[in-house]
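Q: For reference, the sequence and a predicted model appear below.
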Amino acid sequence: MIFTNYKIFYNYRIARQFLIHIFFKDKKTKIYQAFVRKEIVTMSQSNNQLDIFQIVPTNYPNTLLLGTKSYEINFQATNLSQTAEKFVIEFSSEGFDIEVPTEYQGIFKMEPNQTKNLSITISPTINGQAKLVIDVMCERNVTHTKKVWKIRNEIPTQIIDEAKSQTHYIYIPFQSPLEEPVPTEYDEASANISLEEARAQFDSLNQLLESSQESESVPEKELVDLSSDEIDQKLAKIARNVFNSDKEFAMDVLDKISKIELKQELLNKLILPLASTHLDIALKKLELLDDESYKQATLYKIINSIVASNSDMALHLCDNLSNIDQKDEILGKIISNLANSETKRAIDLLSSINDVSKKQHLLHRLIYRYAESHLDESVELLEEITNSETYLNLFYTLIVDKMGQAPENCKNYIERFNKKAKEFNEIDLLKNGLVILAALDAPKTVIDYISKLPEDLRNEINETLYNKLWVEVEETITKLENVPVISVYYTFNTAANPTKPIEMVHDLGGNISENLLASDFSSFIGVICPFTFNFPIFPPIEQAYSQIKMEKKKSFYYMIVPTDFKTEEEFLFIQTLLNMWFVSNEDQLKSNVYIFNLDFIPYLAKPTIIMESVPEDNLVIKSIVKRVFNDSVSFIIDQGLFKGGMVKDILQKILPPHKFKVINLVMTYDFLNNYVLFKNFMNEFIK
């Protein structure tokens, strides 16, 4: 059995004395007292150890453990804290069936300095090395700081401004229409006659006309012989000549012309310039014309000349236009003229336009204009827009423009907008609308809305909006947790399905290295200790083995079989073991194997290694001792007491000499008392 902490790190400053030995000079009565080790504390989440608990095995076995048996392992647990503590001890294993009494499961309380005895039962399930793990925890208030995603309390201004900027509606301001002026003068008027002369001529002609109706009247002599046509021509000439000077007088003259054709011909030329100054008279004269096509064309021109300056009259006259396109054109100009000053009236006039496209073009512009003072009414008018893109873009623009002035209204509007955007599958607009809704209401409102959407749409929206609706913050939480105090494990050499010889090793209190038990023959150095002692030699040997294995991934073989070869049966037993592991597996050995026939003797003046005289090997071993220990360890080559001997002879008879070389090696108890000495020596042979 060997103890190793989870970090595989041995800290002698915090570890207790590894071995306590009491030796007497008489070898027969020497005592090797069990070692005591302080477990190393490791914390899973902190560099600070909680040195408040100790757990020590009190009956650790030094022998090989068999899968056919169960072993009760006892521990002494102590609360080192000055206050009562609640502990949890968790036993787990690799290669063992383990039974833990229910009284040790869960949380149990220990008073200050209280000691509690614990017992568990283990049974091996593998060949090689099994592990018993002990994790000890205690209750502590633990503060955790972690980054979590939380719903924002409000949307940052930057995000709102970004959403606002995603408006795609472009408002085209209304401009007063350009009028198409009519001529103000008659181009064919003559300047050869003054207005006074014209009035005198008109009076004479008028007198002649009246005399023809009243016999008492006597016209001037030179006019008596004029015919009706001649009179009409003279009247027409007067009207033309005076038109630019006095349009009303010219119309009075024109009225006296009796020939309809001549009168209409002259009216055709004079109505438009007449309308520039005497609109009412011109309109009355227009009614006298018989050519309907000419009347419509002239009326269209007259309306175009007053559409901006006299919208009311233009609107009135518009009803008389028979051409639908011309009528829509004039109405469009009138609406544009009224849009800035009488927006509602302009909106009402839209119903008179027949061209749907023209009506829609004017409608969204009027709605935008009208929303400056009448947001609610404008939103309702949006329903008359037939183009979904225009509808959504204008609706969104109205909301972001007015959300600062009417937040409550806009909150309702953005909900309606989002519904429409989803209906029209305008997802980008919907995303922006949801940001605005979060700004007007709350991010949680939007998150709840998104959660009810179909999965594909929900994922698409969350991909864009998650960082806008959620924010990553550091959160500090303090809660009662089980905090690691100690994490240690003990390893045991085990044989799950032991043969008879292995059972004998167990019964003798012996042990076999883990690599032999697992059939790992990667090393070329081994130790056989067939001698009996009044104390266990397994712990320091195993400690050295494990340290080397951790560092180099392989280690030396060892067999601890306390027999002393007192009987033939013991000889046969040793022979069986060597045949089982070495002789029968010599083809798996990569090179020749050195076997140290190892014995231990009491202390001398300083740590000492005694090696039998083997000339071809002595210098090699001596150089190793010198290099590793310098002068702190004595090295003796013996040609007498420790050379050869029965045990070596027996081992050499069993192990094929072409593959194995047996060497007697004796060490003082220093190598047991301080396993590092033994480890450093053996480490030189592991390549």
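A: Noted; the coordinates are in hand.

Q: show me what contacts the closest residue to Asn310 other than its chain neighbours?
A: Of all residues not flanking Asn310 in the chain, Leu279 sits nearest, at 7.9 Å (CB to CB, 6 or more residues apart in numbering). Any C-beta I mention is one placed from the backbone N, CA and C, and that applies to glycine too. For Leu279, the contacting residues are Ile302, Ile306, Asn310, Met313, by CB atoms under 8 Å, 6 or more residues apart in numbering.

Q: Model confidence at the last one, what's the number?
A: Taken from the predicted model, the pLDDT recorded for Met313 is 92.

Q: Does it touch Val307 like I think?
A: No - counting by CB atoms under 8 Å, Met313 stays clear of Val307, with 9.2 Å between them.

Q: Which one's more surrounded, the two?
A: Val307 (27 against 16; other CB atoms under 10 Å).

Q: Who are the contact partners of that one?
A: Contacts of Val307 (CB under 8 Å, 6+ apart): Pro177, Glu179, Ala314, Ile330, Lys333, Ile334, Asn337.

Q: Helices of the stretch 551-687 of the chain, residue ranges please.
A: 568-581, 615-629, 646-654, 670-673, 675-683 (DSSP state H, counting those that start in this stretch).

Q: The nearest residue to Pro407 once chain neighbours are set aside: how many residues sit nearby?
A: Sequence neighbours aside, Leu440 is the residue nearest to Pro407 in space, at 5.6 Å (criterion: CB to CB, 6+ apart). When neighbours are counted by other CB under 10 Å, Leu440 registers 21.

Q: wouldn't Leu440 be in contact with Met403 here?
A: Yes - between Leu440 and Met403 there is a contact under CB under 8 Å: 6.1 Å.

Q: shared neighbours of those two, anything?
A: Cys410, Ile414.

Q: could you pull out the strands for the stretch 451-600 of the chain?
A: Counting by DSSP state E, counting those that start in this stretch, the stretch 451-600 of the chain has strands at residues 470-495, 511-512, 525-529, 557-560, 593-601.

Q: List the neighbours of the fourth one that are in contact with it.
A: Applying CB under 8 Å, 6+ apart, the contact partners of strand 557-560 are 510-513, 515-516, 523, 525-530, 537-538, 541, 545, 577, 581, 593.

Q: CSV please, covering the helices of the stretch 551-687 of the chain and showing distance to Asp229, mean neighbour count and mean pLDDT.
A: Listed next are those as CSV, based on distance: least, CB to CB, whole Å; neighbours: other CB atoms under 10 Å; pLDDT from 0 to 100:
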stretch, distance to Asp229, mean neighbour count, mean pLDDT
helix 568-581, 154, 17, 87
helix 615-629, 153, 13, 92
helix 646-654, 165, 16, 89
helix 670-673, 159, 22, 94
helix 675-683, 148, 21, 95
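
Q: coming back round to it: export the strands of the stretch 451-600 of the chain to CSV and append columns for mean pLDDT.
A: Putting the strands of the stretch 451-600 of the chain into CSV (pLDDT from 0 to 100) gives the following:
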stretch, mean pLDDT
strand 470-495, 89
strand 511-512, 94
strand 525-529, 94
strand 557-560, 94
strand 593-601, 94
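
Q: which one of those strands is the most hemmed in?
A: strand 511-512 (a mean of 28; mean count of other CB atoms under 10 Å).

Q: ok, Leu582 to Glu612 distance?
A: In this structure residue 582 is Phe, not Leu. 21 Å (CB to CB, to the nearest Å).

Q: now do Ile512
A: From Ile512 over to Glu612 (counting by CB to CB), the distance is 25 Å.

Q: Span of stretch 347-361 from start to end?
A: 12 Å (CA to CA, to the nearest Å).

Q: List the residues that contact the nearest residue to Lys411 once chain neighbours are set aside.
A: What sits nearest to Lys411 in space, not counting adjacent residues and going by CB to CB, 6+ apart, is Leu440, at 4.2 Å. Applying CB under 8 Å, 6+ apart, we find Leu440 in contact with Met403, Pro407, Cys410, Lys411, Ile414.

Q: Mark which of those residues are buried, thanks.
A: For these, a neighbour count by 16 or more other CB atoms under 10 Å gives the buried set as Met403, Cys410, Lys411, Ile414.

Q: Do you know the pLDDT at Gln17?
A: pLDDT for Gln17: 28.

Q: actually Glu99, not the one I typed
A: pLDDT, read off for Glu99, is 92.

Q: Near it, how many other residues are there?
A: So Glu99, with other CB under 10 Å, has 13 neighbours.

Q: roughly how far apart are it and Gln105?
A: Relative to Gln105, and taking CB to CB, Glu99 is found at 11 Å.

Q: How about Ala275?
A: 111 Å.

Q: ok, back up a step: could I get the strands of the stretch 451-600 of the chain as JSON lines with distance to Gln158?
A: Formatted as JSON lines, the strands of the stretch 451-600 of the chain follow (distance: least, CB to CB, whole Å):
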{"stretch": "strand 470-495", "distance to Gln158": "13"}
{"stretch": "strand 511-512", "distance to Gln158": "73"}
{"stretch": "strand 525-529", "distance to Gln158": "72"}
{"stretch": "strand 557-560", "distance to Gln158": "72"}
{"stretch": "strand 593-601", "distance to Gln158": "76"}
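
Q: Fine, thanks again, bye for now.
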